[in-house]
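**Q** Turn this into a structure:
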Amino acid sequence: MVLEQVAFDIETTGFDVADEVTTVGFAVSMGVRVFVQTGGRDASGVDAAVESEVSETLVNVSTHASERELLSAMSEFVTERFRDDMLLVAYNGERWNGGFDVPFLRTRYAQRDLAWPFVDVPYADVMPLVTDRFNTTVDGAEQGGLVTAYDVLCGGSYGDLDPFDDSVEAVTAFEDGRFAELVLHNVADVLRTRALGRVAERYCSKSEFKVKSLTPTRSI
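**A** Residues are numbered from 1 along each chain as shown. Predicted structure coming up:
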């Protein structure tokens, strides 16, 4: 059975243990589902602003006043929408010195004392597939980052959607309350991840995906 890939990506206020998740996006079959926290600020019109910029993909955005509310809503989504035939994928999602989505979420859920949502969810990191199984060398240098690897292997069309030149700008966007730009950046990264996952699916064997379980040893 071929599992349906669900790409995900997070944005945060920084890299420290006290920093918070600001945005989580999932690319599902019907489009992209995005959760964004506002820090208690007004975010009216975000969904309309995002919709006006994204024409080819349905994007469903929900805003939440705090990180706790975002994580709770995300957990509810995972519980309701994830099926046995789905494979969660991220790009460099479990290597702390780079992409850090899964470790960062673990810490935030632990510090909020919330139940881990990814129970019975298989997971695979797309980055090792791209860097180990494809040639991404450009002008003598390997291009293993999400944006450059996507440009090399997938043509780069989602670059027009991303308002940022670098992911670090997502931190400033949250601080400034530019939530529509933050969501658009997250959507672009989720779609890039999905595109690379699909390329790997076309050209790599199942065994090379190194699928693992995210189910914890204890659920309580």
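**Q** Could you use CA atoms for every contact and neighbour count after this?
**A** Fine.
**Q** where in this protein is pLDDT low?
**A** For the chain, the stretches with pLDDT under 70 are 1, 95-99, 219-220.
**Q** ok, which stretches of it are helices?
**A** 46-53, 67-81, 101-112, 126-133, 146-154, 169-176, 179-203 (DSSP state H).
**Q** between the ones you listed, which gets nearest to residue 39?
**A** Closest approach to residue 39 among the helices of the chain is made by helix 67-81 (7.6 Å; Cα to Cα).
**Q** in the closest one, what's buried?
**A** In terms of neighbour count (16 or more other Cα atoms under 10 Å), helix 67-81 has its buried residues at 67, 68, 70, 71, 73, 74, 75.
**Q** how about a markdown table for the helices of the chain, with distance to residue 118 added?
**A** Below are the helices of the chain laid out as a markdown table (distance: least, Cα to Cα, whole Å):
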| stretch | distance to residue 118 |
| --- | --- |
| helix 46-53 | 26 |
| helix 67-81 | 7 |
| helix 101-112 | 10 |
| helix 126-133 | 18 |
| helix 146-154 | 23 |
| helix 169-176 | 25 |
| helix 179-203 | 18 |
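**Q** Give me whichever of the ones you listed is most buried.
**A** helix 179-203 (a mean of 23; mean count of other Cα atoms under 10 Å).
**Q** quick revisit: to residue 37, which of the helices of the chain lies closest?
**A** helix 67-81 (5.9 Å).
**Q** Kindly spell out which helices and strands sit in contact with that closest one.
**A** Counting contacts by 3 or more Cα pairs under 8 Å, 6 or more residues apart in numbering; DSSP states H and E, helix 67-81 packs against strand 21-28, strand 31-37.
**Q** repeat that with 6 Å
**A** The criterion is 3 or more Cα pairs under 6 Å, 6 or more residues apart in numbering; DSSP states H and E, and there are no helices or strands that helix 67-81 contacts.
**Q** what's stretch 35-51 in contact with?
**A** 22, 23, 24, 61, 62, 63, 64, 65, 66, 67, 70, 180 (Cα atoms under 6 Å, 6 or more residues apart in numbering).
**Q** Recalculate using a threshold of 7 Å.
**A** 22-25, 59, 61-67, 70, 74, 179-180, 184 (Cα atoms under 7 Å, 6 or more residues apart in numbering).
**Q** Kindly report the same for stretch 141-152.
**A** By Cα under 7 Å, 6+ apart, stretch 141-152 touches 91, 131, 136, 137, 156, 192, 196.
**Q** now do stretch 200-209
**A** Stretch 200-209 is contacted by residues 124, 129, 130 when judged by Cα under 7 Å, 6+ apart.
**Q** ok, 8 Å please
**A** By Cα atoms under 8 Å, 6 or more residues apart in numbering, the residues outside stretch 200-209 that reach it are 124, 125, 126, 129, 130, 133.
**Q** What is the linear distance spanned by that stretch between its boundary residues?
**A** Stretch 200-209 has its terminal residues 8 Å apart, counting by Cα to Cα, to the nearest Å.
**Q** can you give me how far it is from the chain middle?
**A** Chain-centre distance of stretch 200-209: 20 Å, with Cα atoms, centre = their mean, to the nearest Å.
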